[in-house]
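S.K.: A predicted structure for the sequence below; I have some questions about it.
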2 protein chains.
Amino acid sequence: MDQRVSLITLGVRDLARARAFYEALGWRTNAAPDDDTVFFQAGGMIVALWGRDQLAEDTGVEDGGGWGGITPAYNARSPEEVDAVLAEAAGAGGTILRPGAETFWGGYSGAFADTEGHAWEVAHNPHWTIAEDGSVSLR
Amino acid sequence: MDQRVSLITLGVRDLARARAFYEALGWRTNAAPDDDTVFFQAGGMIVALWGRDQLAEDTGVEDGGGWGGITPAYNARSPEEVDAVLAEAAGAGGTILRPGAETFWGGYSGAFADTEGHAWEVAHNPHWTIAEDGSVSLR
């Protein structure tokens, strides 16, 4: 198994609402209006929105209903950009879970939930490098 | 918010066991043996292992305890590679949630859980392109 992730699927109850949320953040998809799966090309990987019940069945798991111990994160290029992304998420119908603040590891971060309750951390990590194309490396 | 994901953090109860699982799959980290966070460079993004309680607090959520509606996936280059990755995961101490099988969308996939119960889908999708460097695109 190569050291990579190809896709993250977010299980949703209201696909149209979730799609509208990510589109309001500026994300673009080629999905047709009535497609039951929405794929976003996200750098060298893909983010998908799909029915949560279908995803649970496809994954072979019981749905715990809440947060399940996985948090995706978006790294910004500055603390100011963290605040801007959080504001954008709130404006798009998301919920601020934790406002931007300095962290114990020397960075700055906050968190929001999308319309389906999926939490994203938004962080500025001065120890990591963000390339022009948005890819992130540990050095 | 650019259309990308920087990091996925998997909350774990037993960091050493989880780290050993991913290392048994061939993943490599520069984390020291007693670091409380383990980062894996995964293509243009990062996969982290961190205490599940700490991650829940940092994310600003209550822990539902089970699966939370997010499934990461690993895309392989052939159906045979899907089966090989599932076998590798089982051999490393993971659990097969769904054995490899043909899918309704014309691909082939299965799913495993790591030692912490985090489910991964493993799929071959003939409609997508996997580049030499492992990045995946919708066309």
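M.R.: Ah, there it is.

S.K.: got the buried residues for the longest helix along chain A?
M.R.: Taking DSSP state H as the criterion, chain A has its longest helix at helix A:79-91. For helix A:79-91, the buried set under the neighbour-count rule, 16 or more other C-beta atoms under 10 Å in any protein chain shown, comprises A:P79, A:E81, A:V82, A:D83, A:V85, A:L86, A:E88, A:A89. (Each C-beta comes from the backbone N, C-alpha and C, glycine too.)

S.K.: contacting residues for the second one?
M.R.: Applying C-beta atoms under 8 Å, 6 or more residues apart in numbering or on different chains, we find A:E81 in contact with A:H124.

S.K.: can you check the last one too?
M.R.: Contact partners of A:A89, counting by C-beta under 8 Å, 6+ apart, are A:L25, A:I96, A:F112, A:D114, A:W120, A:V122, B:M1.

S.K.: just give me the closest of those residues to B:V47.
M.R.: A:W120 (15.5 Å; C-beta to C-beta).

S.K.: please report how far the closest one lies from chain B.
M.R.: The gap separating A:W120 from chain B is 9 Å, by C-beta to the nearest C-beta, to the nearest Å.

S.K.: by how many degrees do the particular helix or strand that has that residue in it and helix A:79-91 diverge?
M.R.: Per DSSP states H and E, A:W120 falls inside strand A:119-124. Relative orientation of strand A:119-124 versus helix A:79-91 (axes from the mean of the first three to the mean of the last three C-alpha atoms, to 10 degrees): 160 degrees.

S.K.: quick one: whichever helix or strand comes after strand A:119-124 to chain centroid distance?
M.R.: Downstream of strand A:119-124, the first helix or strand assigned by DSSP H and E is strand A:129-130. The chain centroid and the centroid of strand A:129-130 are separated by 18 Å, computed with C-alpha atoms, centre = their mean, to the nearest Å.

S.K.: stretch A:87-102 too?
M.R.: The chain centre lies 12 Å from the centre of stretch A:87-102; the measure is C-alpha atoms, centre = their mean.

S.K.: send the alpha carbons of that stretch over as CSV?
M.R.: Output of stretch A:87-102 as CSV, limited to C-alpha atoms (Å, rounded to 0.1, in the frame of the first residue of the first chain):
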residue,chain,number,x,y,z
ALA,A,87,-15.5,33.4,8.2
GLU,A,88,-16.1,32.1,4.7
ALA,A,89,-17.4,28.7,6.1
ALA,A,90,-19.7,30.5,8.5
GLY,A,91,-21.0,32.7,5.8
ALA,A,92,-21.7,29.6,3.6
GLY,A,93,-23.9,28.0,6.3
GLY,A,94,-21.2,26.2,8.4
THR,A,95,-20.8,26.3,12.1
ILE,A,96,-17.7,27.6,13.9
LEU,A,97,-16.6,24.8,16.3
ARG,A,98,-13.6,26.7,17.6
PRO,A,99,-12.5,30.2,16.6
GLY,A,100,-9.0,30.8,15.3
ALA,A,101,-6.4,30.9,18.1
GLU,A,102,-2.8,30.3,18.7
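
S.K.: any idea of the mean pLDDT in it?
M.R.: The average pLDDT within stretch A:87-102 is 97.

S.K.: likewise stretch A:34-48?
M.R.: 96.

S.K.: cool, stretch A:73-82 as well?
M.R.: The pLDDT scores in stretch A:73-82 average 98.

S.K.: mind jotting down where the strands sit in chain A?
M.R.: A:7-12, A:37-42, A:45-51, A:70-75, A:95-102, A:108-113, A:119-124, A:129-130, A:136-137 (DSSP state E).

S.K.: list the contacts of A:Y108.
M.R.: Counted by C-beta under 8 Å, 6+ apart, A:Y108 has contacts A:P79, A:V82, A:G100, A:A101, A:E102, A:A123, A:H124.

S.K.: going through these, which ones are buried?
M.R.: Using 16+ other C-beta under 10 Å as the burial test, the contacts of A:Y108 include A:P79, A:V82, A:G100, A:A123, A:H124 as buried.

S.K.: near chain B too, which of the residues you listed?
M.R.: Intersecting these with the contacts of chain B gives A:A123 (criterion: C-beta under 8 Å from any C-beta of the partner chain).
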